[in-house]
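Novice: structure, please.
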Amino acid sequence: MKRKLALLSVVGFAFLASCVAEKPAEAEIGSKVRLKTSAGDILIELNAEKAPITVANFLKYVKAGHYDGTVFHRVIDGFMIQGGGFALDNGKLVEKETGDGIKNEGQNGLKNDSGTIAMARTNDPDSATAQFFINVADNGMLNFPSNGGYAVFGKVVEGMDVVDKIKGMKTARKGLVMRHRATGEAIVSPAGDVPTENIVIKSATAE
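Specialist: Numbers count the residues shown, from 1 in each chain. This is a model prediction of the structure:
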């Protein structure tokens with residue numbers, strides 16, 4: 001369990017900015033986001049009523065094109081698939097720049113059940129930026145009050161077959177290229193559970 005919780009942290013968490021962003025603009029209730037991936041489409045229904053800060057933050061990255069070209073860089077069958085933070089650059093997985101962390105909404109009552117989407121973060125509850133994960137099992141140990149809870153902000157309504165395909169991918173230990181938050185220096189950080197075949201998010205669009 002400790003291994004799983006640690007794996008939800010953004011790799012290289014020691015370099016994350018410590019400050020927390022102001023609350024983003026309110027998101028539209030009923031929004032959906034379509035992830036067009038190299039394995040197929042995943043349609044996510046967002047819950048702005050229960051997770052307004054998280055949904056607004058996610059949509060901000062969607063509308064900025066942040067997720068386009070990123071990959072699912074961490075896959076653990078029976079647990080979750082994680083993406084939104086790394087893009088391919090000359091064959092390497094390189095961390096993308098993000099804004100500051102947002103206020104954690106892990107107490108919103110939404111559970112980390114199979115098919116839900118939640119924010120990845122470090123052990124600091126308010127450190128989530130752009131990375132997210134889709135639960136592929138009922139992960140009760142991620143719910144509040146466990147370290148503030150991991151904030152669920154929506155669910156997959158189409159494309160769970162694609163999620164299931166991704167969760168079954170073969171994985172290996174690889175080096176991810178991190179960016180030092182203070183200096184911008186590139187640092188290679190070894191990471192496990194990285195798919196040997198890149199599953200790319202070609203585009204993320206609000207519907």
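
Novice: tell me the SS of V188?
Specialist: Assigned with DSSP: H, G, I helix; E, B strand; the rest coil, V188 falls in the strand class.

Novice: who does it form a beta bridge with?
Specialist: V177 (DSSP bridges).

Novice: count of neighbours near it?
Specialist: Each residue near V188 was counted by other C-beta atoms under 10 Å, and the total is 12. All C-beta spots, glycine's among them, are computed from the backbone N, C-alpha and C.

Novice: try F153
Specialist: F153 has 27 nearby residues by other C-beta under 10 Å.

Novice: how about the residue nearest the centre of the chain, what does it touch?
Specialist: Residue closest to the average C-alpha location in the chain (C-alpha atoms, centre = their mean): F132, at 1.2 Å. Counting by C-beta atoms under 8 Å, 6 or more residues apart in numbering, F132 touches F58, Q82, G83, G84, I117, A118, M119, A120.

Novice: try it again with 6 Å
Specialist: G84, I117, M119, A120 (C-beta atoms under 6 Å, 6 or more residues apart in numbering).

Novice: repeat that for A118.
Specialist: N112, F133, Y150, A151, V152.

Novice: could you find the closest non-adjacent residue to the third one?
Specialist: It stands for Y150. Ranked by C-beta to C-beta, 6 or more residues apart in numbering and with sequence neighbours excluded, the top spatial neighbour of Y150 is L142, at 4.2 Å.

Novice: what about the one you found, how many residues close to it?
Specialist: Other residues close to L142 by other C-beta under 10 Å number 25.

Novice: now the strands for this protein?
Specialist: Here the chain has its strands, by DSSP state E, at 32-37, 40-46, 70-76, 80-89, 92-95, 116-119, 132-135, 152-158, 171-179, 186-195, 200-206.
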